[in-house]
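1. sharing a sequence plus its predicted fold:
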Amino acid sequence: MQVFEEIGRNKTEFRAEDWHIAYNYIKNTINKRFDFDEIEEDIFIFNEEGSTAHFEINLFKYFDQYTFIEIGFETDINTETNDIAIEQEGVLKTTYPENTPFQKSLFYYFLRTVWEKLYYGKVRQQYKTQCKQLLQQIRDAIIEAAQA
């Protein structure tokens, strides 16, 4: 049983003095200023002919044994003009185990739904608030980095 909720999405655009420096500064800012459990750089594509670069970073923060947030960054860079566009998306994900026949049963789904409504929904709400704050803090840090 999985529950995914999109928490927020925003786009930031700016012009950097040098896109290499901006790229490294964005990665270093995320690594040093924020406490993520996992950071994955999935894709880095540099197209010399089209003068573009594209990279994607996924950030993971685990709250408990069931729930974590995933913040994805897709960044497009025009290497001639040093224009940078960053799209950021936060998703709160809860995954309940389904390893045993009982955990795959309809009764288990019923119990999980009741548990979610009575207790864990409030906990998830707190995680959603933290995720929104984290998205805003990362956006502010990137804008601050761009202006420095």
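-> That came through, no problem.
2. which one's the longest helix in the protein?
-> For the chain, the helix with the greatest residue count under DSSP state H is helix 121-147.
3. and the residue nearest the centre of this structure?
-> Ile71 (0.2 Å; Cα atoms, centre = their mean).
4. tell me which helix or strand that one sits in.
-> strand 67-78 (DSSP states H and E).
5. ranges for the strands of this structure?
-> Here the chain has its strands, by DSSP state E, at 2-15, 38-47, 52-62, 67-78, 83-95.
6. note down every partner strand of the third one and its orientation.
-> When pairing is defined by DSSP bridges, strand 52-62 lines up against strand 38-47 (antiparallel), strand 67-78 (antiparallel).
7. wait, Gly8 sits on Lys132?
-> Yes - Gly8 is within contact range of Lys132, at 5.7 Å (criterion: Cβ atoms under 8 Å). All C-beta spots, glycine's among them, are computed from the backbone N, C-alpha and C.
8. shared neighbours, those two?
-> Common neighbours of Gly8 and Lys132, counting by Cβ atoms under 8 Å, 6 or more residues apart in numbering, are Gly90.
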